[in-house]
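Engineer: sequence unavailable; structure follows:
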């Protein structure tokens, strides 16, 4: 059975299909936000308005406008681009760090492992939120520092997964065969071990992308996210927080956006679990 | 209760079989390589007999035993036929009714003794648990019974054994505890699924003897499942041979072993390696040539444990030396040292006259290339994600070929080890165990080695693929003049291919000499014990 076929079949079941639909939807919105957004997300046009209200020139604001008179729908759509780009970059960075350290620790064991594992445990034992606040407060609010904060928070967990898989694979005979044939350590790590650990990593990547999106929401809500006026879902919740009782739309729609994206990623991860676990076993 | 049962036994008509399987069919899930795991199988188990079901892996023998126990493996479904225990139909029983039968009237012994015991509970308590489930006894009575059972398993110091956790016992002791648990309720049928396969030869011989004695003493009825005709010859009263889910031959043991009717049975019997070395093997040629591999005073210790102790031997071009020993004797540590996966604590290894433990740079690379290994586990020794062609071509590249020649070389090597070239594009999952070992051999050959080390490379294979791989190794040796170091627990395999045999015990070589001499007139008592333990000595 071809590999592609297995993945497609997994996505054909209802739960992962919903997940793929949600994630795919947000991806398209992120990619085409300039074309899809009805207005400029930075431009103050009218005073605060409720969903469905008409502007003085007859234009419709389907999700209302915020306290600065900017269109909520347009900000949501551009916010999708922000979250997709920043969360993906942050997760990929965390993966790069987690995979490289995990491979080294699991393969060489000994002192390298002790040092790296100690470092990972120190970070993991630190309350994540405090860690984020410390990083952002110390370095300032910017996309790069959000990426840094997420990397710090996620890389140790990825490190642990990769380390455990590497230790297991290291004892397999095909690694011994590669060593006895004089294969270089780099190739053993990248060609023999890494592809064989991709199953669990693919699932974890989907989940972790969701966590990164949540983290961005939290940071934005605390005012530690991307600096205004960047359209950012967490930041939108934060700005609308004081008016939430009178104008729930300010908080409700960005919250729905975050939940639907994270839910989609979780469902997708769930659906990929089965084909991913077969990766490298039955092929 | 025992009394009641013995009365029932007398009342039984002796001609009624205890267990009757009739036209049983078990379906495999859709997309499997055949429709039925077991197809139209019928057999009868008579009181007090040992019926051996023999077959190679995938023949459906375990599916059959699973169905008899009412616990078919996942995905399998009984679709036809019947299983009757003393006339009672079993295939349609509810799970509740099964719980009164399993462990009580039908009991099972599994292949992996360690895996069938709970690691966190002392074994004595685990035996007592069986009584708790199936009999009304006080704690003191249960304890008494458990100790009596352990004693009847010929285990020393029952009190100590009962208080031990599984990891504190040896494999053979664990298997005896399992047998004790299975026999606790004096079941009418005992199913033993490859019960000695995971054990050492000498332990296997003891456990087989125990099973035979228990049968004689208590008249147990046993369905014994195995792939090993040697074991069959030791223990069977009657034999059923299975292939592709069908029983193709059934009869009295002596008759099936000496006058097999079905060609496949003959093939299986012929594949059992004989203890008699083939005559054309010849003795070792004059040691005029310098040995390709010379090992002197090699030692490896882990703390106080001496895994390898003062090992010395020479290996000449075109000859085979077998290192025979049981698990834990240090033979695999030795192999790992020779391919530089582990560093020795003392001694030297000379490859083509150069001590490869002190070499560096290019000389080291070429001397590493000269010694290549074929691994034990065909499943673990190939990267599951890489195609066979890519694996072999990569080895050729490492040996110095450019990418295009390497690809051609992979094709040639595939021919050489007897695999079809279409397989180059396939991943390991598409190959059988024997074919995977062929890929492993091709990978080793791609390095143009002088010495091939085969570390238990045949032990995971069925007898027929074992015979084929042995023939392949012999052919390659003749064609390429390879020196082969065969590491094995099986004297029969060693006898088939070796010019010389070295017997290893507790890290030392206790006896080394020409194969014929070691087999026919062993000098060391341990060699004699190994020879006597080899199952199926009557079978040649």
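Structural biologist: That came in fine, so what should we check first? Since we're looking at a predicted model, the values are computed, not measured.
Engineer: quick one: residues contacting residue A:83.
Structural biologist: The contact partners of residue A:83, by Cβ atoms under 8 Å, 6 or more residues apart in numbering or on different chains, come to A:30, A:213, A:216, A:232-233, A:258, A:261. Every C-beta, even on glycine, is put in place using the N, C-alpha and C of the backbone.
Engineer: to clarify, my last question referred to residue B:105.
Structural biologist: Residue B:105 touches B:85, B:185, B:187-189, counting by Cβ under 8 Å, 6+ apart.
Engineer: change it to 10 Å
Structural biologist: With contacts defined as Cβ atoms under 10 Å, 6 or more residues apart in numbering or on different chains, residue B:105 is in contact with B:5, B:18-19, B:85-86, B:88, B:90, B:134, B:185-189.
Engineer: make JSON lines out of the residues you listed and add secondary structure.
Structural biologist: Formatted as JSON lines, the contacts of residue B:105 follow (DSSP: H, G, I helix; E, B strand; the rest coil):
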{"residue": "B:5", "secondary structure": "helix"}
{"residue": "B:18", "secondary structure": "coil"}
{"residue": "B:19", "secondary structure": "strand"}
{"residue": "B:85", "secondary structure": "strand"}
{"residue": "B:86", "secondary structure": "coil"}
{"residue": "B:88", "secondary structure": "strand"}
{"residue": "B:90", "secondary structure": "coil"}
{"residue": "B:134", "secondary structure": "helix"}
{"residue": "B:185", "secondary structure": "coil"}
{"residue": "B:186", "secondary structure": "coil"}
{"residue": "B:187", "secondary structure": "coil"}
{"residue": "B:188", "secondary structure": "coil"}
{"residue": "B:189", "secondary structure": "strand"}
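Engineer: could you tell me whether residue B:510 really is in a helix?
Structural biologist: No: under three-state DSSP, residue B:510 falls outside any helix and is assigned strand.
Engineer: give me the number of residues near it?
Structural biologist: Neighbours of residue B:510 under the rule other Cβ atoms under 10 Å in any protein chain shown: 16.
Engineer: quick check: nearest residue in space to it, chain neighbours excluded?
Structural biologist: The spatially closest residue to residue B:510, leaving aside those adjacent along the chain, is residue B:524, at 4.6 Å (Cβ to Cβ, 6 or more residues apart in numbering or on different chains).
Engineer: show me what contacts that neighbour?
Structural biologist: B:503, B:505, B:509-512, B:518, B:530.
Engineer: so what pLDDT did it get?
Structural biologist: Per-residue pLDDT puts residue B:524 at 94.
Engineer: against residue B:74, how distant is it?
Structural biologist: Relative to residue B:74, residue B:524 is positioned 48 Å away (criterion: Cβ to Cβ, to the nearest Å).
Engineer: please apply the same query to residue B:441.
Structural biologist: According to Cβ to Cβ, residue B:441 stands 34 Å off from residue B:74.
Engineer: quick one: which of these two has more around it?
Structural biologist: Each of residue B:441 and residue B:74 has its neighbours counted (other Cβ under 10 Å); residue B:441 has more, 24 against 5.
Engineer: and the host helix or strand of the more buried one, what does it pack against?
Structural biologist: In the assignment (DSSP states H and E), residue B:441 maps to helix B:433-445. In this structure, helix B:433-445 packs against helix A:173-180, strand B:371-374, helix B:388-398, helix B:403-416, strand B:451-455, helix B:463-480, with contacts taken as 3 or more Cβ pairs under 10 Å, 6 or more residues apart in numbering or on different chains; DSSP states H and E.
Engineer: what do you get if the cut-off is 8 Å, keeping everything else the same?
Structural biologist: strand B:371-374, helix B:388-398, helix B:403-416, strand B:451-455, helix B:463-480 (3 or more Cβ pairs under 8 Å, 6 or more residues apart in numbering or on different chains; DSSP states H and E).
Engineer: comparing those, which comes out most buried?
Structural biologist: Most buried of these, by mean neighbour count (mean count of other Cβ atoms under 10 Å in any protein chain shown): strand B:371-374, with a mean of 28.
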